[in-house]
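In: Here is my input; please provide its structure:
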Amino acid sequence: MAKTRVAVCQMDSKNDKQANVETALALLDEAADEGADLAALPEMFTFMGDKDKYRGAAEEVPGPVTEKLAAKANEHDMWVHGGSMFEVADEEGKVHNTTVVLGPDGDQRAQYRKVHLFDVEIGDEVVTQESARVVPGDDLVTFDAGFATIGLGICYDLRFPELFSTLAKQGADVIVLPAAFTKHTGKDHWESLLRARAIETQSYVLAPGQIGDKPNSVPSYGRSLIVDPWGNVVAKASDTVGVTTADLDFNYLQQVQKELPSLTHKRPELYEV
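Out: As a prediction, this is how the structure comes out:
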């Protein structure tokens, strides 16, 4: 397939899990109406509220929410990337921040647990310790979607180019990074980092984000993006809840990789990680 239409769904999730899930399902319907072959939700799309309530909002995977996403995937014959949600962890009181991907038949095709946790203190603007509530994953994930090999990341992962280089080495043509980037960091770093990761990996990068003020948390930046392998922003969301689409041109991707074959010029024997 030379071209594939994708959709990034921007949400303003808060502390009402049922309402958040209903919004997500409606956005998937909208993405299907716009002809999307793949639709992606943002990070923590099911719940963004009191951090002490993460465990109460968590589910087993598969579970009730993933079943609803699977039904939409099957209904619309569309890949559904479930952003991220809270998955029950074995460690008492904690959760995983987990991505689940459903194929067009509704079957689960991939699962990824966020590996880099957001523990920062930036003045009084952003103070958070994700590791106090979330157990990190230990595996990087790519999977074959037929039209492309897709790599997975979540939000803070964006700041670690080694992760993206590994996904590229594993053959990723498309990398999906759902996020709830803070407004304070997003205004300076969000687009720059996404474009850099696309250029470095010579892949399409899809980044569905959260927007808006959050209960007991910092505001989210939004500006969901789709970036091409040359680093061009081919689609950007408005500052509102909604669906943004673009067509991924894999002939163009192959042209970029052929004309500027930087991935083949790497010398890993010289790099210290």
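
In: List the contacts of the spatially most central residue of the chain.
Out: Centre of the chain computed as the mean C-alpha position; nearest residue by CA atoms, centre = their mean is residue 178, 2.1 Å away. Applying CB atoms under 8 Å, 6 or more residues apart in numbering to residue 178 gives the contacts 40-43, 45, 81, 83-84, 99, 154-155, 207-209. To be clear about C-beta, it is placed using only N, CA and C from the backbone, and glycine gets the same treatment.

In: Could you point out the helix or strand that follows the helix or strand of the chain with the lowest mean pLDDT?
Out: Counting by mean pLDDT, DSSP states H and E, the weakest-scoring helix or strand in the chain turns out to be strand 126-129, with a mean of 80. Counting by DSSP states H and E, the next helix or strand C-terminal to strand 126-129 is strand 142-144.

In: so what strands line up beside that next one?
Out: Its sheet considered, strand 142-144 pairs with strand 149-152 (antiparallel) by DSSP bridges.

In: Need the CA coordinates for the partner strand. PDB is fine.
Out: Below are the C-alpha coordinates for strand 149-152, written out as PDB (Å, rounded to 0.1, in the frame of the first residue of the first chain):
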ATOM      1  CA  THR A 149       6.200  -1.800  10.700                       C
ATOM      2  CA  ILE A 150       5.100   0.400  13.700                       C
ATOM      3  CA  GLY A 151       7.100   1.300  16.700                       C
ATOM      4  CA  LEU A 152       5.700   2.300  20.100                       C
END
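
In: Any chance you could list what contacts that strand?
Out: Contact with strand 149-152 is made by 99, 101, 110, 112, 140-144, 164, 167-168, 170-176, 203, as judged by CB under 8 Å, 6+ apart.

In: Report the buried members of the residues you listed.
Out: Buried by 16 or more other CB atoms under 10 Å: 99, 101, 110, 112, 140-143, 164, 167-168, 172-176, 203, out of the contacts of strand 149-152.

In: The residues you listed in strands, which ones?
Out: Counting by DSSP state E, the buried ones among the contacts of strand 149-152 place 99, 101, 110, 112, 142, 143, 174, 175, 176 in strands.
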